[in-house]
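>>> mind folding the following:
(2 chains)
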Amino acid sequence: MSDTNLPPTETTSTAIEHDTDGATDDPLVSVSGLTKYFGTDTGLLDRVFGTEEPPVRAVDGLSFDIWRGETLGLVGESGCGKSTAGETLLRLQEPTGGEVTFAGQSVYELSGSQLTEFRRSTAIVFQDPFSSLDPRMEIGEIVRQPLDIHELGDPAHRNDRVRELLDRVGLSADQFDRYPHEFSGGQRQRIGIARALALDPEFVVLDEPTSALDVSVQAQVLNLLSDLQDEFDLTFLLISHDLSVIRQVCDRVAVMYLGELIEVGPAAQVFNDPQHPYTRALLESVPRATSTEADREITTISGDVPSPRNPPSGCRFRTRCPAVIPPPDCALEQAAYREIQTVRERIDNRTFTAADPEASPDEVAARFYDRGIKHDLPEPHRGRLERAFTAVAKGEFERASAMLAEHYESLCERESPPLGEADHGAACHLPDE
Amino acid sequence: MTTDILRITGLTTRFFTSEGQINAVTDLDLTIEQGEIVGIVGESGSGKSVTALSIMDLVESPGEITAGSVQYRDRELATQVREDAPAAVDEDFVDLRAVDESIRTGLRGTSFSMIFQDPESSFNPSLTVGEQLAEAVEVQQRASSRPRSTRARTASDDYSFGNYLLSMALPSKRYVTEASRERAVGLLEQVGIPDPARRAEEYPHQFSGGMLQRAMIAQALAGEPDILIADEPTTALDVTIQAQILDLLGEIQEETGMTILLITHNLGVIARMCDRVAVMYAGEIVERGTLTDVFDNPVHPYTTGLLGSIPTLESGGNDRLQPIAGNVPSLRDEEMPTGCTFADRCPKAMEVCLDAPPAFTVDDSETHRTRCYLVDREYNEETALESTSADSMSDAQ
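Numbering: from 1, shown residues only, chains lettered A, B, ... in the order given. The predicted structure is shown next:
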């Protein structure tokens, strides 16, 4: 390639600026209500004995658009369903429900030559460069395989194309007959990228393309991706858990939590002015590599992500949210209310166990109170909690749960907040309050 | 007043494999003060973890510590050892490499403790978390009552069929004593696990990654160690959980005054936690100093490169990243360069860099040391090598 030996400064063009101008009015990819459950087909024995478990709701009603030429970042913690979403919208997995259109055509209704055409115009780069390349194939064959399958051109032409691709992604064309184990992680990821580009796709899903790489090599690969995007007019869906990577390369960002989208918007707006408490917490949690980092105040969010088999009612983030909306008549500060909510959650999950089985219920209740509530609660809250813990100590979890629900049930538990249609929207009740 | 607790000098670890000698750690100097958090940062294969294992004397064959000393300050131990091995003792410092194996074993857990990267594979899946913690508690108690004991097994001497039947018949025997069971629950509570009494009865697979990492920290705390070595403690965790675990480590450090050696590839984690930091590359510390020295005034081109190649939240996404060209080098002895190990990727390499490795030189302040010729000479275009930075292979974009 002509620009192979340019020093880095001269290639610092408008590498990452992809405005949607010049794009048509229709999005390239349009996802609406996409749903993917796992474990929906329970066996006969399970049904007979009634031991069937609820399905894992990996992706639960995603709706978003991807415009031509842009990079949409899909970010979330592990297990939130982002990879499943990426695979399902390429129809590598069949969806449980919902609709995806690609260039105006419904992806799940394609068949025959139309499906082949769709497969040619889309591609995916996988996370793990060590397990996504066949160790017994030469890298030239690996990159050529899509061309072979789609029978494009004659063999000599295909080999030329492969050499060109290897050269383009920063490998040498004479490495054609080497095997994957001879390459480092970064080089293997380049091979994976060359394979994805072989058919000259329009749309590429990048599933954690750099998370297995060291930072210095990650930077090389990210730069390569943005150059390729400019050169070949690619549209990217970048799936990543790393917010800094998303910030670096994406034009728009979609934040997922437990199978749902909770915030979507232009990258600059989402990062500078996050609307959803979860997005805020995520951004705060990322440690910055600066010498003043130790002085930065952060409030960590407590707890773990709930199980996607049995997600919380209403807003799914409410079990960890540092800004749950208390009922109107509950004049408690947020931290104290948060504690009560966590106690209620634990009562519902029955995770209060007496350490000493011989203690009297009153003693056990007092110990539970100390463990669960660190704040000095005013009346009538104190009394309510004490009565609830006494019930818990006697094993009456349901009664305790009902007692507290009467006074402390939040709007966030009852209603699932909508994401809205705005350019930058967050699925949260807070702005309406 | 702060005093040194650990002085590592010239530590060198080699692996003698069938494919040749691997120079995992070379001539490593590091001093750690009592009660501080020191970070070691580097990419994969830079020798961070082997350094930790070498300090703990846990390097396994074909690896071997071939040179260097690890001096640990402990007055009682020094008095004890002085009779047998006077050469190993220097005032209150004991050279752990020069004393008997059994002494080193006795120190593990009580003086040094370690937490590992992957909590899922560090726990025994067939024992409850509480049992494993109680076992650690027992081992530490025995070790502190008989410091030179090497007995690490507690409940039973072996896993024979007879013992298996016995454990089936007497399930309550699994915890060695009621006291250690209570201590295990207390440890779980200390690391912020809700409902510790019940969680202690659960198996590792019932814990989430973050909870299991907490349990591992609890296990490391069982012997109230002076020095905690944390090898990538948050790498397998999500950012929100990572923030929780880092907070927890910080709190524990403040409460107990423990010294922590934190090993990670994540510069952000280093910045969040550490007082001082050492940057490793190809088995050597190439730069070390306070956070300000290393993050604000880096001297070594590798440190600069590392800082320039991480995307940040504040960058605005418009600045192009400045990657380091090339790949992480091989550590095989015959492939190692005679000069500076970073020379082939260094944008400021000079001819002198190829001839001999640079010394570990003091820079502006006493604490800031760098293994680079640039410390005491200006970078000069004329002595530069033919542009290695535009190396065709690696940065061809």
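
>>> run through the residues of the stretch 101-250 of chain A sitting next to chain B.
Residues of the stretch 101-250 of chain A found near chain B (C-beta under 8 Å from any C-beta of the partner chain) are A:167, A:169-172, A:184, A:186-187, A:214-220, A:222-224, A:226-227, A:241, A:243-245, A:247-250. Glycine gets a C-beta too; all of them are placed from N, C-alpha and C.

>>> which of those residues are buried, as a ChimeraX select command?
In ChimeraX, this line selects whichever of those come out buried by 16 or more other C-beta atoms under 10 Å in any protein chain shown:
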select /A:167,169,170,171,184,186,187,214,215,216,217,218,219,220,222,223,224,226,227,241,243,244,245,247,248,249,250
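
>>> out of the residues of the stretch 101-250 of chain A next to chain B, which sit inside helices?
Per DSSP state H, helices hold the following members of these: A:167, A:186-187, A:215-220, A:222-224, A:226-227, A:243-245, A:247-249.

>>> I'd guessed B:Leu267 sits against B:Leu306; true?
Yes - counting by C-beta atoms under 8 Å, B:Leu306 is a contact partner of B:Leu267 at 6.8 Å.

>>> shared neighbours of these two, anything?
Shared contacts of B:Leu267 and B:Leu306 (C-beta atoms under 8 Å, 6 or more residues apart in numbering or on different chains): A:Val215, B:Val41.

>>> dump the C-alpha coordinates for stretch B:225-233 into PDB.
What follows is stretch B:225-233, C-alpha atoms only, in PDB (Å, rounded to 0.1, in the frame of the first residue of the first chain):
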ATOM      1  CA  PRO B 225       0.000 -10.700  56.700                       C
ATOM      2  CA  ASP B 226       2.400  -7.800  56.700                       C
ATOM      3  CA  ILE B 227       2.700  -7.800  52.900                       C
ATOM      4  CA  LEU B 228      -0.100  -8.600  50.500                       C
ATOM      5  CA  ILE B 229       0.800  -9.300  46.900                       C
ATOM      6  CA  ALA B 230      -2.200  -8.800  44.700                       C
ATOM      7  CA  ASP B 231      -1.600 -10.100  41.200                       C
ATOM      8  CA  GLU B 232      -4.100  -8.600  38.800                       C
ATOM      9  CA  PRO B 233      -6.900  -8.700  41.500                       C
END
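
>>> quick one: contacts of that stretch?
With C-beta under 8 Å, 6+ apart as the test, stretch B:225-233 has contacts from B:5-6, B:32, B:34, B:48-49, B:52, B:55-56, B:74, B:109-117, B:213, B:217, B:220-221, B:245, B:249, B:258-265.

>>> same thing but at 7 Å, please
Applying C-beta atoms under 7 Å, 6 or more residues apart in numbering or on different chains, the contact partners of stretch B:225-233 are B:5-6, B:49, B:52, B:55-56, B:109-117, B:213, B:220, B:245, B:249, B:258-264.

>>> where does the prediction get shaky in the stretch 51-200 of chain A?
Under the criterion pLDDT under 70, no range of the stretch 51-200 of chain A is flagged.

>>> all the strands of it, residue numbers only.
A:56-66, A:71-75, A:97-102, A:105-106, A:122-125 (DSSP state E, counting those that start in this stretch).

>>> which among the ones you listed is found nearest to B:Glu334?
With distances scored as C-beta to C-beta, the stretch of the strands of the stretch 51-200 of chain A nearest to B:Glu334 is strand A:122-125 (35.0 Å).

>>> how about the CA coordinates for the closest one, as PDB?
Extracted as PDB, the C-alpha positions of strand A:122-125 are listed here (Å, rounded to 0.1, in the frame of the first residue of the first chain):
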ATOM      1  CA  THR A 122     -22.100  -8.400   6.800                       C
ATOM      2  CA  ALA A 123     -19.100  -9.700   8.800                       C
ATOM      3  CA  ILE A 124     -18.000 -10.200  12.300                       C
ATOM      4  CA  VAL A 125     -14.700  -9.900  14.100                       C
END
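
>>> other SSEs contacting that strand?
In terms of contacts (3 or more C-beta pairs under 7 Å, 6 or more residues apart in numbering or on different chains; DSSP states H and E), strand A:122-125 is packed against helix A:185-197, strand A:203-207.

>>> what lies in contact with it?
Contacts of strand A:122-125 (C-beta under 7 Å, 6+ apart): A:Leu90, A:Gly192, A:Ile193, A:Ala196, A:Leu199, A:Pro201, A:Phe203, A:Val204, A:Val205, A:Leu206, A:Asp207, A:Pro209.

>>> one more pass at 10 Å, please.
A:29, A:86-87, A:89-92, A:102, A:107, A:132, A:146, A:189, A:192-210, A:221, A:225, A:234-239 (C-beta atoms under 10 Å, 6 or more residues apart in numbering or on different chains).

>>> buried members of the residues you listed into ChimeraX, please.
This is how ChimeraX selects the buried members of those, with burial counted by 16+ other C-beta under 10 Å:
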select /A:29,86,87,89,90,91,102,107,132,146,189,192,193,194,195,196,197,198,199,201,202,203,204,205,206,207,208,209,210,221,225,234,235,236,237,238,239
